[in-house]
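Q: Just the structure for this:
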Amino acid sequence: MDAAKKKRLKEAGWETGSVAEFLELTPEDSALIEIKLRLTELARKARTRRHLSQVALAERLGSSQSRVAKLEAGDPSVSLELLVRASLASGATRKELARAIA
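A: Numbering: from 1, shown residues only. Model prediction:
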């Protein structure tokens, strides 16, 4: 948000801040959320790059298509382990995983 808009909002009585401040997230919580989002994106990109359907990826994982859809939608019930497994099963390299986490 630009400075002028922030100033107008403050003058109108509004407060501005970050999502982390609003949700009262610790730095660790924020980092974990960011990692999960990056792994979600990596799994989806790796799957589409290899021309795998969600069904095909689900079969490789021993899971269901709906679970893969939840994974790609960033559903909070999806574990870090499943995100990593899905990325690897989709053809992502360890180097790509490291970049997503870093």
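
Q: Show me the shaky parts of this protein.
A: The model of the chain has no residue with pLDDT under 70.

Q: Can you tell me the element residue 31 falls in?
A: Secondary structure from DSSP states H and E places residue 31 in helix 27-49.

Q: Please enumerate the helices of this protein.
A: 3-11, 19-23, 27-49, 54-61, 65-73, 80-89, 94-101 (DSSP state H).

Q: Deepest in the core, which of these is it.
A: When these are scored by mean count of other CB atoms under 10 Å, the highest mean neighbour count falls to helix 80-89 (a mean of 19). (C-beta placed from N, C-alpha, C; glycine too.)

Q: Show me how far that helix is from its chain's centre.
A: How far helix 80-89 lies from its chain's middle: 12 Å, per CA atoms, centre = their mean, to the nearest Å.

Q: list the helices and strands that helix packs on?
A: helix 27-49, helix 54-61, helix 65-73, helix 94-101 (3 or more CB pairs under 8 Å, 6 or more residues apart in numbering; DSSP states H and E).

Q: one more time with 6 Å, if that's ok
A: helix 27-49 (3 or more CB pairs under 6 Å, 6 or more residues apart in numbering; DSSP states H and E).

Q: The helix it packs on - contacts with which helices or strands?
A: By 3+ CB pairs under 6 Å, 6+ apart, helix 27-49 packs against helix 80-89, helix 94-101.

Q: Pull the helix holding residue 31 out as PDB, backbone CA atoms only.
A: Output of helix 27-49 as PDB, limited to C-alpha atoms (Å, rounded to 0.1, in the frame of the first residue of the first chain):
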ATOM      1  CA  PRO A  27       7.900 -15.100  13.600                       C
ATOM      2  CA  GLU A  28       8.000 -18.900  13.700                       C
ATOM      3  CA  ASP A  29       4.400 -19.200  12.700                       C
ATOM      4  CA  SER A  30       4.900 -16.800   9.900                       C
ATOM      5  CA  ALA A  31       7.900 -18.700   8.600                       C
ATOM      6  CA  LEU A  32       6.000 -22.000   8.800                       C
ATOM      7  CA  ILE A  33       3.100 -20.600   6.800                       C
ATOM      8  CA  GLU A  34       5.500 -19.200   4.200                       C
ATOM      9  CA  ILE A  35       7.300 -22.600   3.800                       C
ATOM     10  CA  LYS A  36       3.900 -24.400   3.400                       C
ATOM     11  CA  LEU A  37       2.800 -21.900   0.800                       C
ATOM     12  CA  ARG A  38       6.100 -22.300  -1.200                       C
ATOM     13  CA  LEU A  39       5.900 -26.100  -1.000                       C
ATOM     14  CA  THR A  40       2.300 -26.000  -2.100                       C
ATOM     15  CA  GLU A  41       3.300 -23.900  -5.200                       C
ATOM     16  CA  LEU A  42       6.300 -26.200  -5.900                       C
ATOM     17  CA  ALA A  43       4.200 -29.400  -5.800                       C
ATOM     18  CA  ARG A  44       1.600 -27.800  -8.200                       C
ATOM     19  CA  LYS A  45       4.200 -26.500 -10.600                       C
ATOM     20  CA  ALA A  46       6.200 -29.800 -10.600                       C
ATOM     21  CA  ARG A  47       2.900 -31.700 -11.300                       C
ATOM     22  CA  THR A  48       1.900 -29.500 -14.200                       C
ATOM     23  CA  ARG A  49       5.400 -29.400 -15.600                       C
END
